[in-house]
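*Asks:* I'd like to go over a predicted model; first the sequence, then the structure.
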Amino acid sequence: MGWLLLAPALVLWLAALVAPVLYTAYLSLQQTGNIRDLSRTEFVGLDNYTALSGVDALPGSIGFTLAVVLVRVAAVAVVPPALAWGVATLGRRAAIPVGVAFAVPLAFATPAMAAAGRVSAAPTGSLATEAGARLAVLGFDATHALLYGCALGLVVLVGALRQDPASLTPRRSYRAFAIAWLVGIIAAAAYGLQAFTEMQLMTGGGPRDATSTLGLLAIRSAVVNFQLGYAAAFSVVILVPVLLLGLGTGFLVVATRVRVDIDAPVERWTARTTPLSIAAIVAGGVALVVALFALVEGVLPVVAGWTGQPPPEQAVVSSLGRLLTHDLVTTFLVVAVSLAAAVGIVLCRPLGRGSEWMLLAFAPWLFLTNVPLAVNLLITNTSGLQRPLAYLQPALSLMPALIFAFAVILRGLEPRWRVGRARGESLPLGPHVMVPLVPMIAAIGLAAFVATAHELVTPYTTVIRPDESSLVLIAVRQAVQMSGEQQALTLADLPMATVSFLGLAAAFVWYAGRIVVRAGADPDLPTTIPVTREVPGPGAAPR
């Protein structure tokens with residue numbers, strides 16, 4: 001059963017992640033001609049790598065990439081743990097309002113905020129100078145990294161500091177806190193090495209390539225100059241450290257047995273288990289989806305009138321609805337495949353007690369985005385596979401991270417699952433697992449949906465026709481045009497941001513002060529769960 005659940009994820013992993021990385025490495029050793037006829041390639045060894053030294057923008061791009069990495073690491077390393085400590089000390093009453101406030105940066109994704117920053121800086125011309133462009137991009141990047149770090153820290157870091165005498169694991173876990181803090185720093189560094197979106201949207205690389213990064217050089221070499229060998233070499237330079245950081249992080253998570261649990265005894269979850277509670281969660285998710293499309297169709301023109309802006313064209317509104325449908329479907333499929341893989345590894349254990357080490361197969365791709373894979377995306381586009389790739393690739397790049405997230409959650413819920421199996425429950429996942437798990441799936445799926453809809457690299461490298469555009473391309477195109485509709489970006493992103501904020505804020509309220517993050521051995525649970533009150537039998541003495 002475990003292998004059957006894992007099979008879809010393995011197939012997608014090989015096709016969408018392993019094969020592109022290997023092909024990019026192969027292409028970096030080739031001299032290519034016409035992009036539409038890649039059969040005429042010549043092996044040149046390391047010539048493409050040595051030729052990179054002649055690129056004028058390379059030293060500055062390396063320096064600015066390292067600056068982005070340092071800024072993100074500094075933003076994540078200091079403030080989020082301090083905020084988490086304060087919130088954990090004050091308790092649930094502080095966690096709820098602070099968590100709701102930090103749901104805003106998660107709802108308004110990076111492309112929307114970056115393009116809005118470009119629009120706001122246009123009247124002052126602050127991006128026209130090298131120093132001004134660098135300061136603006138680094139300042140935005142630091143702010144955004146800080147907001148994301150605080151939002152995620154309120155869940156993970158606060159969970160490591162939770163302590164409750166009624167909990168299965170009552171003591172704080174400073175070990176889990178240190179591991180989560182270290183993983184956050186590694187993630188900030190890995191994503192910083194692949195920085196592209198902010199630099200492309202705010203400055204386009206800046207004057208004299210002042211804000212150019214390695215990721216921007218790789219994509220520009222592929223998409224603009226069609227220098228596939230150089231672009232692949234740039235990509236490999238990014239890929240190597242990112243894959244190693246992912247592998248190291250995966251080993252750390254598996255070896256230390258980090259897990260996420262709900263801060264409530266098994267009996268409390270069992271007592272709350274009713275069909276009505278599960279139906280309410282499902283109904284809430286359906287309501288969010290309906291609200292999203294209602295906002296797209298009906299609210300955008302009204303809000304445009306309030307802001308004094310011309311209403312979006314009907315073609316744009318229709319495209320938004322169609323594109324959001326595609327993003328919703330692909331995200332749902334990838335989340336389902338990732339959850340099935342995590343269940344197959346953690347609960348079914350196809351390799352016995354060492355099955356969790358199978359997660360290391362996905363670990364190198366843990367922090368990988370589509371930036372180093374832009375060359376492969378461009379080539380696939382010219383091969384006639386543009387449509388399925390453009391729809392699937394943004395969500396597929398999130399699959400390793402989703403598998404790890406679900407595995408960590410299921411590892412925390414596994415003791416409850418074992419108790420349910422001991423009681424002879426017929427369902428594969430009993431109520432003690434499903435009731436706390438379903439809202440987590442919804443919250444993670446919503447975050448993945450936002451990331452998928454706002455992913456920029458795939459549409460930037462594959463979209464040719466306007467009717468096959470994406471939400472972020474439509475928004476950016478309307479934001480940067482000089483026709484007086486600079487606020488169209490906010491309007492185009494408003495439905496997504498509104499629904500995302502409501503869903504993420506609800507998740508923060510639901511889980512504030514309840515998430516527990518632990519590391520090490522699992523807690524001991526009783527073999528039975530008292531779910532009913534014992535009733536004296538006939539003839540027994542009254543109690």
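*Replies:* Everything's here; your move.
*Asks:* show me where pLDDT drops low in this structure?
*Replies:* 33-39, 108-126, 163-172, 263-323, 382-391, 419-432, 463-495, 522-543 (pLDDT under 70).
*Asks:* what ranges do the strands span in it?
*Replies:* 30-32, 41-43, 259-262, 515-518 (DSSP state E).
*Asks:* can you list those strands in TSV and add mean neighbour count?
*Replies:* Where C-beta positions appear, they are placed from N, C-alpha and C, glycine not excepted. Formatted as TSV, the strands of the chain follow (neighbours: other CB atoms under 10 Å):
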stretch	mean neighbour count
strand 30-32	18
strand 41-43	12
strand 259-262	25
strand 515-518	25
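*Asks:* Could I get the ones you listed in JSON lines, plus columns for distance to Leu245?
*Replies:* Output for the strands of the chain, formatted as JSON lines (distance: least, CB to CB, whole Å):
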{"stretch": "strand 30-32", "distance to Leu245": "27"}
{"stretch": "strand 41-43", "distance to Leu245": "30"}
{"stretch": "strand 259-262", "distance to Leu245": "22"}
{"stretch": "strand 515-518", "distance to Leu245": "21"}
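*Asks:* Of all these, which one is nearest Val21?
*Replies:* Among these, strand 30-32 comes nearest to Val21, with 15.5 Å by CB to CB.
*Asks:* Give me the contact list for the closest one.
*Replies:* Leu38, Arg40, Thr41, Glu42, Phe43, Val44, Asp47, Asn48, Leu228, Gly229, Ala232 (CB atoms under 8 Å, 6 or more residues apart in numbering).
*Asks:* what's the most distant pair in the residues you listed?
*Replies:* With CB to CB as the measure, no two of the contacts of strand 30-32 lie farther apart than Leu38 and Asp47, at 17.4 Å.
*Asks:* hmm, back to that, of the contacts of strand 30-32, which qualify as buried by neighbour count?
*Replies:* Thr41, Val44, Asn48, Leu228, Gly229, Ala232 (16 or more other CB atoms under 10 Å).
*Asks:* count of residues packed around Val76?
*Replies:* The number of residues packed near Val76 is 26, by other CB atoms under 10 Å.
*Asks:* pretty sure it is touching Leu147, no?
*Replies:* No - in this structure Val76 lies outside contact range of Leu147 using CB atoms under 8 Å: 10.6 Å.
*Asks:* Tell me which of the strands of the chain sits nearest to Leu504.
*Replies:* strand 515-518 (14.2 Å).
*Asks:* What is the closest one packed up against?
*Replies:* Counting contacts by 3 or more CB pairs under 8 Å, 6 or more residues apart in numbering; DSSP states H and E, strand 515-518 is packed against helix 130-160, helix 174-193, strand 259-262.
*Asks:* Tell me the neighbouring strands of that strand, and mark each as parallel or antiparallel.
*Replies:* strand 259-262 (antiparallel) (DSSP bridges).
*Asks:* could I get the partner strand in CSV with only the CA atoms?
*Replies:* Coordinates of each C-alpha in strand 259-262 appear next as CSV, following Å, rounded to 0.1, in the frame of the first residue of the first chain:
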residue,chain,number,x,y,z
ARG,A,259,7.3,16.5,14.3
VAL,A,260,4.2,18.7,14.6
ASP,A,261,1.3,17.8,16.9
ILE,A,262,-1.8,19.5,18.3
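*Asks:* can you tell me how far the closest residue to Val100 other than its chain neighbours sits from Ala16?
*Replies:* Using CB to CB, 6 or more residues apart in numbering and skipping the chain neighbours, the partner closest in space to Val100 is Ala505 (4.6 Å). Distance from Ala505 to Ala16, counting by CB to CB, to the nearest Å: 32 Å.
*Asks:* Can you show me the helices along the stretch 251-400 of the chain?
*Replies:* Using DSSP state H, counting those that start in this stretch, the helices found in the stretch 251-400 of the chain span residues 266-272, 275-294, 300-306, 314-343, 374-382, 386-396, 399-422.
*Asks:* hey, where'd the helices end up in the stretch 401-543 of the chain?
*Replies:* 431-453, 457-462, 471-480, 488-511.
*Asks:* wait, what's in contact with the closest residue to Val73 other than its chain neighbours?
*Replies:* Spatial nearest neighbour of Val73, excluding adjacent residues (CB to CB, 6+ apart): Ala188 at 5.0 Å. Listed by CB under 8 Å, 6+ apart, the contact partners of Ala188 are Val69, Arg72, Val73, Ala75, Val76, Ala77, Ala145, Gly149.
*Asks:* gap between Ala188 and Leu378?
*Replies:* Ala188 is 28 Å from Leu378, by CB to CB.
*Asks:* Surely Ala74 is in contact with Leu146?
*Replies:* No - contact criterion CB under 8 Å: Ala74 and Leu146 do not qualify, at 9.1 Å.
*Asks:* So between the two, which is more surrounded?
*Replies:* Leu146 (20 against 15).
*Asks:* so how far is Arg134 from the residue nearest to Ala128 when sequence neighbours are not counted?
*Replies:* Closest residue in space to Ala128, ignoring its immediate chain neighbours: Pro207 at 6.6 Å, by CB to CB, 6+ apart. Shown here: Pro207 relative to Arg134, a distance of 10 Å by CB to CB.
*Asks:* if you count what's nearby, which of those two comes out ahead?
*Replies:* For Pro207 versus Arg134, the count of surrounding residues by other CB under 10 Å is larger for Arg134: 19 against 16.
*Asks:* need the contact list for the more buried one.
*Replies:* The neighbourhood of Arg134, defined by CB under 8 Å, 6+ apart, consists of Phe64, Ala67, Gly206, Ala210, Thr211.
*Asks:* Top of these by number of neighbours, please.
*Replies:* Neighbour max across these (other CB under 10 Å) = Thr211, 30 neighbours.
*Asks:* Val509 is in contact with Gly99, isn't it?
*Replies:* Yes - counting by CB under 8 Å, Val509 does reach Gly99; the two are 7.2 Å apart.
*Asks:* out of those two, which sits in the busier spot?
*Replies:* Counted by other CB under 10 Å, Val509 and Gly99 do not tie: Gly99 has more neighbours, with 25 against 15.
*Asks:* Just give the nearest non-adjacent residue to that one, would you?
*Replies:* Leaving aside its chain neighbours, Gly99 sits nearest to Phe508 (3.2 Å; criterion: CB to CB, 6+ apart).
*Asks:* How many residues are close by that neighbour?
*Replies:* Using other CB under 10 Å, Phe508 has 23 other residues around it.
*Asks:* Hmm, Val104 and it touching each other?
*Replies:* No - assessed by CB under 8 Å, Phe508 is found out of contact with Val104, at 10.9 Å.
*Asks:* returning to what we had before: from Val158, how far off is the residue nearest to Val100?
*Replies:* 16 Å.
*Asks:* Just want to know which of those two has more residues nearby.
*Replies:* Under the criterion of other CB under 10 Å, the comparison of Ala505 against Val158 puts Val158 first, with 31 against 19.
*Asks:* Pull the contacting residues for that one.
*Replies:* Val158 is in contact with Ala84, Val87, Ala88, Ala95, Gly513, Ile515, counting by CB under 8 Å, 6+ apart.
*Asks:* Would you format those as JSON lines with distance to Thr24 included?
*Replies:* Putting the contacts of Val158 into JSON lines (distance: CB to CB, whole Å) gives the following:
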{"residue": "Ala84", "distance to Thr24": "38"}
{"residue": "Val87", "distance to Thr24": "42"}
{"residue": "Ala88", "distance to Thr24": "43"}
{"residue": "Ala95", "distance to Thr24": "43"}
{"residue": "Gly513", "distance to Thr24": "45"}
{"residue": "Ile515", "distance to Thr24": "38"}
